[in-house]
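>>> 3D, please:
(2 chains, ligands or ions: 2)
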Amino acid sequence: MKKKSTFSQRLLIFLLFFFLYAPIIVLIIFSFNSTKSRSVWTGFTFDWYVKLFNNSAILSALYTTLLVSVLAAVIATIAGTFAAVGLFNMKKRPRDILLQINNIPVINADIITGVSLCVLFVFLGKIFNFKLGFGTLLIAHITFNIPYVILSVMPKLRQLDKNLFEAAQDLGCTWMQAFTKVIIPEIRPGIVNGLLMAFTLSVDDFVISYFTAGSVETLSMRIYAMTKKRISPEINAISTILFVTILLLLIIINVRQAQQEKASARKRAEFENR
Amino acid sequence: MSEKLINLENIHKDYGGKVVLDNINLYVRDKEFVTLLGPSGCGKTTTLRIIGGFETPSAGVVYFDGKKINDLPPHKRPVNTVFQRYALFTHMNVYDNIAFGLRIAKVSENVIKDRVTNMLKLINLPDYAKREVSSLSGGEQQRIAIARALVNHPRVLLLDEPLGALDLKLRKEMQRELKSIQQQVGITFVYVTHDQEEALTMSDTIVVMNKGKIQQIGTPVDIYNEPKNAFVADFIGESNILDGVMHKDRLVSFCGKNFDCLDSGFEKDETVDVVVRPEDFEIVPIEDAQLVGTVKSTIFMGVHNEIMVETEDFTWKVHSIYNAEVGDKIGLFLTPDDIHIMHKS
Ligand SMILES: Nc1ncnc2c1ncn2[C@@H]1O[C@H](COP(=O)(O)OP(=O)(O)O)[C@@H](O)[C@H]1O
Ligand SMILES: [Mg+2]
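Numbers count the residues shown, from 1 in each chain, chains lettered A, B, ... in the order given. Ligands and ions are numbered 1, 2, ... in the order given. Modelled structure (predicted):
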């Protein structure tokens, strides 16, 4: 029974990964192709990458993406960390309810988040007289990043000794010192993970940006716009850069998490052994 | 030794209507080792947290050195705490953990170095400065927690079941070590435990608590020999507790017999609790006995045997270096000072 299913299982997994990654691999390969052909390999070149960095529209989109991602990640990390600490100190029932609500944007379709933020911004823009633009884009990114920060900080708070905050106060810390000198350093791994996660999601995002950026353009929006006109291998090049960046970020996050889990498992094992 | 360093007056504490501390009055003298002893949930931790400033009493006054400190936040109180689960800072090494309080107080690094080094010597871990706290055993973490508190030269050290997580052998070792540390540094300890033996061996004064009330305050010897009520008698050491009737001063009856005792001041024919320690019985020939019973069981306990003796009205727990066979009839004898009479509570 077991033996029989292995072959079909393997085939299935192979097909799955093939369809997932084949397009990306083709894209990466053809970003180095020396002619515009997307079917025939004609020789190796870096031309498309060079061209990319002479394209002012792409460079300005890249600048927007980096700026909004850094700002949104930093602001969301600060806000999300405070929110997680606040939630953690609440009574169990309201905390559990709020955590469930926090999860909704995470599992919600991006398009719903995008459209609803767009509607909200347009509505508020009428009242307070502003237009969709970098400001609304930034607010949208902060909004969808915060739940992820909360999700990565919360488990670290749960692992803390319940008297840790009091121990700091006992040793002479004011409320604020206890927070900055003890609690923040103790949960720092979770905060950094949240920051990286938020940055990755922001760089990666297309749908929500599309609905909230107005006339401003992010990198993924630029790529989308380029596909609508005549297709240039520059798209392959920029997509490759984006893909590799996101991939690296995800690998960093996962390695960090795996290391932390190993460390805390070791600690737990030691604690039980003694 | 007579000055009241800490004084709790009429302390009440309730959580949403649930009374946790009910009229606590107690004081702690300078350099004294005071233990709060009682079963789990009786309010020991809450009392300690009120002294530390982590809880405010619902009513009553907390004095420190004669000054009211109800509203003084924890970081301004000249007391330090050793928490039940140690609460060490895992992102710092041992040295930085111990130095933490001094750094907050902006003591110079030279002085800090001296004091931390001395502390590490005091707790017998002189080479541990650079170790990560997560690499330490429970007993070692415990000592670091004590050093981290003591290095600040607090007037009072508060300890909440500090040995609770350690195994029996280590616990005994640490009891001795803690007591010697307290004598070396000469500061006041307020110690919480539910272990009566720990309380008896370490304390100058024991405060026995139950259900949010103080049952008795006294030296270990007083509490053991003169328990004030059946709860204390039962909680401290082992006891036989049964109903009796106090006919007049120094005369009590139980098991259908009259016994001379040393207690007085009860109402005529008041129903009372009679308490007899198992080790106070004398086994005597039947004809000299006050109580005669049948041996139900006997267990060898090391130094003595624990013999359960069934009489008509009560089964007595008797500790004796002599042994008896199950089924034997034996006689028991009590002198007046072996019998303790207590008001029903
Ligand atoms: N924050 C709190 N909220 C509600 N009840 C509490 C709180 N802290 C303690 N209690 C209750 O107060 C009682 C005494 O607790 P505690 O002082 O911790 O007892 P002990 O340390 O003697 O075991 C317990 O019944 C406990 O459930
Ligand atoms: Mg407790």
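
>>> So chain B: which segments form each domain?
According to automatic domain parsing, chain B comprises the domains B:4-230, B:240-343.

>>> right, and the ones you listed - which one's nearest residue A:52?
Proximity to residue A:52 (C-beta to C-beta) singles out domain B:4-230 among those, at 42.7 Å. Glycine gets a C-beta too; all of them are placed from N, C-alpha and C.

>>> Start and end of that closest one, how far apart?
End-to-end span of domain B:4-230 (C-alpha to C-alpha, to the nearest Å): 29 Å.

>>> can you tell if it touches ligand 1?
Yes. Using C-beta under 6 Å from any ligand atom, domain B:4-230 comes into contact with ligand 1 via B:15, B:20, B:38, B:40, B:41, B:42, B:43, B:44, B:45, B:46.

>>> Selection in ChimeraX covering whichever of those residues are buried, please.
Buried residues among the residues of domain B:4-230 next to ligand 1 (16 or more other C-beta atoms under 10 Å in any protein chain shown), as a ChimeraX selection:
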select /B:20,38,42,43,44,45,46
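
>>> for the residues of domain B:4-230 next to ligand 1, which one is nearest residue B:304?
residue B:38 (27.3 Å).

>>> Got the confidence number for the closest one?
On pLDDT, residue B:38 comes in at 95.

>>> which stretches of the chain have low pLDDT?
Reading this off chain A. A:1-5, A:267-274 (pLDDT under 70).

>>> should've been chain B
Within chain B, the stretches with pLDDT under 70 are B:1-2.

>>> For it, which segments count as helices?
B:44-52, B:94-104, B:109-122, B:138-150, B:168-185, B:196-202, B:220-225, B:230-235 (DSSP state H).

>>> looking at the ones you listed, which is closest to residue A:56?
So among the helices of chain B, helix B:94-104 is nearest, using C-beta to C-beta, at 51.4 Å.

>>> Can you get me a residue count around residue B:252?
23 (other C-beta atoms under 10 Å in any protein chain shown).

>>> cool, the one 10 residues further on as well?
Here the neighbour count serves as a burial measure; for residue B:262 (other C-beta under 10 Å) it reads 13.

>>> Ok, residue A:238 next?
The burial count assigned to residue A:238 is 24, neighbours taken as other C-beta under 10 Å.

>>> so the helix or strand containing it versus helix B:138-150, what angle?
Element membership for residue A:238, per DSSP states H and E: helix A:233-273. Here helix A:233-273 runs at an angle of 100 degrees relative to helix B:138-150 (axes from the mean of the first three to the mean of the last three C-alpha atoms, to 10 degrees).

>>> Now do helix A:233-273: which elements does it pack against?
On a contact count with 3 or more C-beta pairs under 8 Å, 6 or more residues apart in numbering or on different chains; DSSP states H and E, helix A:233-273 meets helix A:2-30, helix A:47-52, helix A:184-204, helix A:219-228.

>>> Please produce CSV containing these, extended by distance to ligand 1 and mean neighbour count.
Below are these laid out as CSV (distance: least, C-beta to the nearest ligand atom, whole Å; neighbours: other C-beta atoms under 10 Å in any protein chain shown):
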stretch, distance to ligand 1, mean neighbour count
helix A:2-30, 51, 11
helix A:47-52, 61, 17
helix A:184-204, 22, 21
helix A:219-228, 50, 17
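
>>> and of these, who's closest to chain B?
helix A:184-204 (4.5 Å; C-beta to the nearest C-beta).

>>> The closest residue to ligand 1 within the stretch 151-274 of chain A: what's it in contact with?
Of all residues in the stretch 151-274 of chain A, residue A:162 sits closest to ligand 1, at 11.1 Å by C-beta to the nearest ligand atom. Counting by C-beta atoms under 8 Å, 6 or more residues apart in numbering or on different chains, residue A:162 makes contact with residue B:85.
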